[in-house]
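Asker: prediction below, plus the sequence it came from.
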Amino acid sequence: MHTINPNKLHHSKWTAAEPLNKEKHFIVTQLLRDKEENVVDVVLEAIHSHREIVLPWQSLKDDSIWKMGWQ
């Protein structure tokens, strides 16, 4: 598992461990916060298709799904 500071995720790069539809590389384009300004979700944009997905930032810690950086 990765150690991640959620406040430093903006513009970070991620690689999907098992790419679908040629979408392997992603970049965090937005941090979604709650009323207390805590990061709750991130918006990831696929570099190939520009499709966006929203997921809880904690899911980026799972090495079987996401790898830090572009690999």
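Answerer: Sure thing, it's come through. Residues are numbered from 1 along each chain as shown.

Asker: for the longest strand seen in the chain, buried residues please.
Answerer: Of all the segments of type strand in the chain, defined by DSSP state E, the longest one is strand 23-33. Within strand 23-33, the residues that count as buried by 16 or more other Cβ atoms under 10 Å are Glu23, Lys24, His25, Phe26, Val28, Leu31. Every residue, glycine included, has its C-beta placed from N, CA and C.

Asker: how many residues are close by Leu55?
Answerer: 13 (other Cβ atoms under 10 Å).

Asker: now the helix or strand hosting it: buried residues?
Answerer: For Leu55, the element it lies in under DSSP states H and E is strand 52-56. Residues of strand 52-56 include none that count as buried (16+ other Cβ under 10 Å).

Asker: and it, what other elements does it pack with?
Answerer: With contacts defined as 3 or more Cβ pairs under 8 Å, 6 or more residues apart in numbering; DSSP states H and E, strand 52-56 has these neighbours: strand 23-33, strand 39-46.
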